[in-house]
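Engineer: What follows is a predicted structure for the sequence shown.
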Amino acid sequence: MKNKKPIYVLGTGLSPHDGSACLLKDGEIVVAIEKERLTRKKHDGANDNLAINYCLNSEGIKINDLTLIVQCGDSHIYLEDYHKMWGGNGKRLITKGEHNVPIISISHHLAHAYNAIGLAPFDEMAICIIDGFGQSMKYCIDLQGEIFPKKVSNDFLNVLFEKDSFYFYSKDGMKTIFKDFSCRKDFPHLSMFPFFVDHSIGDLYEQASTYCLGNRSNEMFRQAGKLMGLAPYGNPKTYQTKIFQFENGRVFVKDDWQKKFDKPCLDYEDFKNRFQYFADIAYWIQKETENAILNLLNERFKICNVKNLAYSGGLALNAVINAKILDSTPFENLYVTPAAGDNGLAIGCAYYGWLEILKNPRKKNNGNTCFGKIYSSEEIQSAINNFFFTDNINNDKIIDNFFNVISECIIPKHLPKSDFIFQIKIKEYRIYNLVFNDKKCDVLKEITQKPLGVISISSSDFIKWMLGSITIPDLITNHKLIVEGDIPNMEHSLDKNKAESIMVKLLNNFSTNNQNVQYTKEKDIISITADLLAAGYTIGWFQEGSEFGPRALGHRSILADPRRTDIKDFINSKVKFREDFRPFAPSVLLEDVQNYFRFQGESPYMLMIAQVQPEWREKIPGVVHEDGSCRIQTVTENWNKKYYKLLNKFKEKTGIGVLLNTSFNRRKMPIVETPNEALNFFYECDLDFLVMGDFLIRK
């Protein structure tokens, strides 16, 4: 009897930020990845080629092996110039009509809703979506139930955007209960809200976050979480004006207070100088947002009397508010999606395809949300063996010889039709003028015309770049690369695999003191790691597949002993290089959670805030925030076995079943995905040890 062919459904989110892809096999997630983990550019979105290829390659299949592709985006996703509109990287892999696989599109809040349906443990549930804004009404395919505004001319469908949606799901399927839309407007005279979806709770929170923490690029998507951390430093009495008003179950933003705020944060220096001003605003915004969401949920419960609530959309990442939902609303059980932002759209798309298009039964997830590919022991060993860090003695010879043979790395078909010059300044040595022409690349000492692009970089970072151990976004983020002009043209013309191969040979030939990584493979890595943590060492912890979502849950984590009084300042300044007010989360054994925290239930995805028990605040200061709270992660053996064992072993050695757990990255950097990225980060910060699988790496 022939084996039954698997049913594969690919979901992909086409938001201009936080892109991702997710692959279901017979109704269960086999792999999913956020685009930022691959490009190393925080919150990267739009073109989904890299994320799709990652999923297909991890499963060992091709596009035509897929049964269905579901994506979230407007109709223009099929246009030839899609990649130009949203800054993608070339033509999409899944352009309509080029494959034998059906491709369908669904709307934004619908994808968020099916993200919740796919992962939530409930058989029956209400589903609430609150974010900055979603799809325009013109492209929504879930316009049933109560829709506001009720009567809209076709001429205005494209200017009204989803701001909050409410659904009901049971064994009979999903139906829309309530959807609220509002216009997107420009307010150039308002410093806090220069552009804003009118009356959106989520957009107000994002805009206020950027006002307090700076930078109106895609930085706003990384500031909202910081505002929550800043709020406890604020004075409750400074601002008490009511921001929201409530009418007929809908939330509206008042506008009589907004003109007072005309001094946004300019940069980090400005933020430090006016810290209390911004902290007071943060407290006020957090408290008003909390009131608005709780009011909305109470109103929605009246029209959908269901005890279980699944919650998604960007605002669902606000752990402070999440912790108050069950106490302040009639809902009895709450599930918050781990990837509640736009990174979760791909998961929702995949489940929509499985459930609604293919009409297959729902298979419950076991709680695991670590969907990245698992790197084998052999792959980790190879990364360790091939990782180079040099003493710089022969870097000039290595780089000179590399540029002597750079023509071997050129991809002729990727060269522009007209000649162009690119200049690379190696800071310690010299300038290399690369002239790309006639299907080759010449290196000249002098040039008479202005180069198309210029890069300034150190010799060691250039070598790492060519080895593929560090990317341009990482170099720029860490101020190790100065760029002028057009880099993509030059990068696109180089065969990176060939460049890496040549650089490895040159390192072997010229590095007289090329240091190998010091490591051992341990039979009992759990016990050894627990000993090191108990002794006060900080550890990079890299295990199995990466987490999907913004929180490290024990697969790509930085771990430390929470008893260290200096640990917050040390990790913020020497490891993560971020603002000093940022708190750290504790991981705790589920069975011990009430010993240390005022909390009942589970918080496996670090999306709930709890107060630390008074008698423990001075004993575990590393995870206690300014107001005595912390964002907790409860750990069970169910899908986090190795991390559960580590916590147990640490408890056995210290008497404390809590570890400080923060994401394995630094400020403005995505969480590490590969063994090579983990090694590179380890050697560029003050972490003491790195554990990857059963390998212990030392400095």
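Structural biologist: Right, received. Where do you want to start?
Engineer: what comes up buried for the longest helix anywhere in the chain?
Structural biologist: Longest helix in the chain, counting residues (DSSP state H): helix 275-303. Across helix 275-303, burial judged by 16 or more other C-beta atoms under 10 Å covers 278-297, 299-301. In this view, the C-beta of every residue, glycine as well, is placed from N, C-alpha and C.
Engineer: Find the residue closest to residue 654 in space, skipping its chain neighbours.
Structural biologist: residue 534 (5.1 Å; C-beta to C-beta, 6 or more residues apart in numbering).
Engineer: meant to ask about residue 285
Structural biologist: Nearest to residue 285 is residue 208, by C-beta to C-beta, 6+ apart, at 4.5 Å.
Engineer: okay, now the one you found: neighbour count?
Structural biologist: Residues within reach of residue 208, counting by other C-beta atoms under 10 Å, total 27.
Engineer: Contact partners for it?
Structural biologist: Residues in contact with residue 208, defined by C-beta atoms under 8 Å, 6 or more residues apart in numbering, are 192, 227, 281, 282, 285.
Engineer: can you put those residues in CSV and add pLDDT and distance to residue 20?
Structural biologist: Output for the contacts of residue 208, formatted as CSV (pLDDT from 0 to 100; distance: C-beta to C-beta, whole Å):
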residue, pLDDT, distance to residue 20
192, 73, 30
227, 93, 24
281, 96, 32
282, 96, 29
285, 96, 28
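Engineer: what helix or strand is the spatially most central residue of the chain on?
Structural biologist: Note on the chain: the residue nearest the mean C-alpha position is residue 550, at 4.5 Å, using C-alpha atoms, centre = their mean. Using DSSP states H and E, residue 550 sits in no helix or strand.
Engineer: any idea of the pLDDT on the nearest residue to it once chain neighbours are set aside?
Structural biologist: Closest residue in space to residue 550, ignoring its immediate chain neighbours: residue 317 at 6.8 Å, by C-beta to C-beta, 6+ apart. Per-residue pLDDT puts residue 317 at 96.
Engineer: Next: residue 516.
Structural biologist: Value for residue 516, per-residue pLDDT: 71.
Engineer: Same question for residue 261.
Structural biologist: The predicted local confidence for residue 261 is 89.
Engineer: what about the nearest residue to it once chain neighbours are set aside, neighbour count?
Structural biologist: Spatial nearest neighbour of residue 261, chain neighbours left out: residue 192 (4.4 Å); criterion: C-beta to C-beta, 6+ apart. Residues lying near residue 192 (other C-beta under 10 Å) number 22.
Engineer: Enumerate the beta-bridge partners assigned to residue 635.
Structural biologist: Legend: beta-bridge partners of residue 635 under DSSP bridges are residue 589.
Engineer: so what's it up against?
Structural biologist: Neighbours of residue 635 in contact, by C-beta under 8 Å, 6+ apart: 554, 587, 588, 589, 590, 604, 643, 644, 647.
Engineer: I believe the residue nearest to residue 285 is in a strand; please confirm or correct that.
Structural biologist: No: under DSSP: H, G, I helix; E, B strand; the rest coil, residue 208 sits outside any strand and is assigned helix.
Engineer: Settle this for me: the residue nearest to residue 261 is touching residue 207, isn't it.
Structural biologist: Yes: proximity of residue 192 to residue 207 meets the contact threshold set by C-beta atoms under 8 Å, at 5.9 Å.
Engineer: any idea how the chain splits into domains?
Structural biologist: 1-120+340-365, 121-336, 395-510, 519-698 (automatic domain parsing).
Engineer: Nearest to residue 383 among those would be which one?
Structural biologist: Nearest to residue 383, of all the domains of the chain, is domain 519-698, at 3.7 Å by C-beta to C-beta.
Engineer: Now do the closest one, average pLDDT.
Structural biologist: pLDDT averaged over domain 519-698 gives 96.
Engineer: returning to what we had before: and the domains of the chain as TSV, adding distance to residue 379?
Structural biologist: Shown next, in TSV, are the domains of the chain (distance: least, C-beta to C-beta, whole Å):
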stretch	distance to residue 379
domain 1-120+340-365	12
domain 121-336	30
domain 395-510	14
domain 519-698	6
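Engineer: Those: which one's closest to residue 385?
Structural biologist: Using C-beta to C-beta, the domains of the chain put domain 519-698 closest to residue 385, at 9.4 Å.
Engineer: rewinding a little: make sure the residue nearest to residue 261 is indeed in a helix.
Structural biologist: No: judged by three-state DSSP, residue 192 forms no part of a helix; its state is coil.
Engineer: Identify the residues contacting it.
Structural biologist: Per C-beta under 8 Å, 6+ apart, neighbours of residue 192: 207, 208, 211, 258, 261, 264.
Engineer: Could you rerun that using 6 Å?
Structural biologist: Remark: with contacts taken as C-beta atoms under 6 Å, 6 or more residues apart in numbering, residue 192 is in contact with 207, 211, 261.
Engineer: May I have the secondary structure class of the second one?
Structural biologist: Of the three states, residue 211 takes helix under three-state DSSP.
Engineer: can I assume it is in contact with residue 264?
Structural biologist: Yes: Residue 211 is in contact with residue 264 according to C-beta atoms under 6 Å; the separation is 4.6 Å.
Engineer: Looking at those two, which one has more neighbours?
Structural biologist: Counted by other C-beta under 10 Å, residue 211 and residue 264 do not tie: residue 211 has more neighbours, with 26 against 19.
Engineer: Check what pLDDT the more buried one gets.
Structural biologist: Predicted confidence (pLDDT) for residue 211: 92.
Engineer: Contact partners for it?
Structural biologist: Counting by C-beta under 6 Å, 6+ apart, residue 211 has contacts 192, 264.
Engineer: element containing the residue lying closest to residue 599 once chain neighbours are set aside?
Structural biologist: Nearest residue to residue 599, sequence neighbours excluded (C-beta to C-beta, 6+ apart): residue 610, at 3.7 Å. Residue 610 belongs to strand 608-612 when assigned by DSSP H and E.
Engineer: for this structure, what's the longest strand?
Structural biologist: Using DSSP state E to define each element, the chain has its longest strand at strand 173-186.
Engineer: can you give me the angle it makes with helix 275-303?
Structural biologist: Interaxial angle of strand 173-186 relative to helix 275-303 (axes from the mean of the first three to the mean of the last three C-alpha atoms, to 10 degrees): 140 degrees.
Engineer: Give me the buried positions along strand 173-186.
Structural biologist: Buried positions in strand 173-186, judged by neighbour count with 16+ other C-beta under 10 Å: 174, 176, 177, 178, 179, 180, 181, 182, 184.
Engineer: Let me have those in CSV, extended by distance to residue 522 and pLDDT.
Structural biologist: Shown next, in CSV, are the buried residues of strand 173-186 (distance: C-beta to C-beta, whole Å; pLDDT from 0 to 100):
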residue, distance to residue 522, pLDDT
174, 48, 97
176, 54, 98
177, 54, 97
178, 55, 97
179, 54, 97
180, 55, 96
181, 57, 96
182, 57, 93
184, 55, 82
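Engineer: Which of these sits closest to residue 500?
Structural biologist: residue 184 (44.8 Å).
Engineer: I figured that closest one was touching residue 199, is that so?
Structural biologist: No: applying C-beta under 6 Å as the test, residue 184 and residue 199 come out as separate, 10.9 Å apart.
Engineer: what's whatever helix or strand residue 378 lives in packed up against?
Structural biologist: Using DSSP H and E, residue 378 maps to helix 377-385. Counting contacts by 3 or more C-beta pairs under 6 Å, 6 or more residues apart in numbering; DSSP states H and E, helix 377-385 packs against helix 675-682.
Engineer: please redo it, this time with the cut-off set to 10 Å
Structural biologist: In this structure, helix 377-385 makes packing contacts with strand 518-521, helix 675-682, strand 689-692, strand 695-698, judged by 3 or more C-beta pairs under 10 Å, 6 or more residues apart in numbering; DSSP states H and E.
Engineer: Which residues does that helix contact?
Structural biologist: The contact list for helix 377-385 (C-beta atoms under 10 Å, 6 or more residues apart in numbering) reads 373, 375-376, 469, 516-519, 521, 542, 674-680, 690, 692-695, 697.
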